[in-house]
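1. got a sequence here, can you build the structure:
(one chain, ligands or ions: 1)
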Amino acid sequence: MQTRRIFLKTLLGLGASLLPWSVFPARMGEFLKSELGHPPAILQLPETEIKVKGETTESLKRTAMDDIIALTAPEMQGRKAGSVGEAKAAEYLTSQLSLLGLKPMGTPEAGFAQAFTIYPVIETKVNGRLTFRPGQSKDLRIPSANILGGLMGENEHEMILISAHYDHLGVFEGHVYPGANDNASGVGCILDVIRQILSEGKTPKRSIVIAFWSAEEMGFVGSQAFVNSPPFPLRQIKAVLNADTVGNGSKGDFALWGDGENIAVKAIQQAAGQYGATAPITPPGGHNSDSVSFASAGIPAVTLMTRDWLDKNHTPEDTPAILKPEQIHLASEIIYQALHSLAF
Ligand SMILES: [Zn+2]
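-> Next up is the predicted model:
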């Protein structure tokens with residue numbers, strides 16, 4: 001096993017969530033504090049050199065279930081945005097994108113990470129589901145980060161974005177909320193798509209950006225921070241394919257959030273048809289996912305999920321045991337085909 005040394009500037013922003021304020025060198029602490037309240041933040045921490053074990057060929061052989069097991073491990077603590085668990089998940093994703101040889105697409109100083117800040121939140125239960133509502137203080141802000149990598153195509157200025165949120169709800173009343181379906185399944189699905197494309201070794205016509213959002217559970221905060229302050233011009237994004245909670249239900253029984261006329265929805269529905277799957281548009285009914293941040297900016301966007309996505313959703317029972325690997329694989333095939341039609 002080869003040990004590759006890479007500079008993980010990723011932990012920019014995340015370093016702040018790993019350590020209490022008091023242990024920061026005074027100068028850095030002052031800088032961080034001055035940046036808070038002005039999201040998205042550019043948090044300049046020193047370069048953190050960490051060792052990532054493995055090599056590209058090895059990481060190409062990984063599967064969505066490998067990613068899901070990693071992201072739901074006890075040390076990830078339910079991946080609440082702004083927590084140590086989120087930082088560990090971000091580190092895992094950064095190492096995967098790096099080993100796959102993708103281009104860091106975060107803020108220039110930050111490598112794969114795009115740092116932003118979140119307001120404090122309060123846990124609340126609605127119909128047995130744990131969710132967040134805004135906390136009292138509007139002053140204190142907590143660092144969080146999206147993780148972004150790119151596969152450059154012949155045209156570097158036209159991009160198709162494939163994405164999934166990697167955060168979840170954390171720990172509440174002594175229970176870990178592992179978020180295996182919501183949304184480790186979507187993250188594994190998107191990693192499978194890019195692994196398949198890289199295995200084929202073909203250069204796409206348009207560039208492909210892989211985005212893992214954080215703070216989705218707090219109201220699409222990560223994807224909104226991206227739209228508010230994109231690391232490249234937003235108009236370069238031609239379509240967004242987002243996966244959220246794709247691992248349960250009857251095989252091929254999917255649903256979509258998006259508007260019926262957009263090219264992202266059409267590409268997914270056409271691909272689903274090729275695999276004998278169904279993916280009708282459903283009314284959000286008070287729910288939604290990160291595609292909404294792009295839709296409101298006028299970019300064609302869609303979220304793919306299973307029709308039974310609410311089953312065990314936002315409960316401690318959302319573990320890898322409830323997942324169906326063949327359903328996640330099918331979701332990957334559909335997104336792969338849709339991406340193929342849009343980017344190749
Ligand atoms: Zn959720």
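
2. just the buried residues of the host helix or strand of L330, please?
-> Using DSSP states H and E, L330 sits in helix 325-343. For helix 325-343, burial by neighbour count (16 or more other C-beta atoms under 10 Å) applies to 327-343. (Each C-beta comes from the backbone N, C-alpha and C, glycine too.)

3. same question for stretch 259-274.
-> By neighbour count on 16+ other C-beta under 10 Å, the buried set for stretch 259-274 is N262, I263, A264, V265, K266, A267, I268, Q269, A271, A272.

4. surely the fifth one is in a helix?
-> In other words, K266. Yes: per DSSP: H, G, I helix; E, B strand; the rest coil, K266 lies within a helix segment.

5. roughly how far does it sit from V302?
-> Distance, K266 to V302, by C-beta to C-beta, to the nearest Å: 9 Å.

6. name the nearest of the buried residues of stretch 259-274 relative to A110.
-> Within the buried residues of stretch 259-274, proximity to A110 (C-beta to C-beta) peaks at A264, which comes in at 27.2 Å.

7. pLDDT at the closest one, what is it?
-> A264 is assigned a pLDDT of 98 by the prediction.

8. thought it was touching A239?
-> Yes: A264 lies in contact with A239 (C-beta atoms under 8 Å); the separation is 4.3 Å.

9. re earlier: tell me how far the helix holding L330 lies from the chain's centre.
-> 16 Å (C-alpha atoms, centre = their mean, to the nearest Å).

10. packing partners for it?
-> Counting contacts by 3 or more C-beta pairs under 8 Å, 6 or more residues apart in numbering; DSSP states H and E, helix 325-343 is packed against helix 64-71, strand 155-165, helix 185-200, strand 206-213, strand 237-243, helix 263-274, strand 301-306.

11. quick one, that helix and helix 185-200 angle?
-> Put simply, helix 325-343 runs at 60 degrees to helix 185-200, going by axes from the mean of the first three to the mean of the last three C-alpha atoms, to 10 degrees.

12. now helix 325-343: mean pLDDT?
-> On average, helix 325-343 scores 98.

13. do stretch 158-169 as well
-> Stretch 158-169 shows a mean pLDDT of 98.

14. for that stretch, list every residue counted as buried.
-> Buried-residue list, stretch 158-169, by 16+ other C-beta under 10 Å: E158, M159, I160, L161, I162, S163, A164, H165, Y166, D167, H168, L169.
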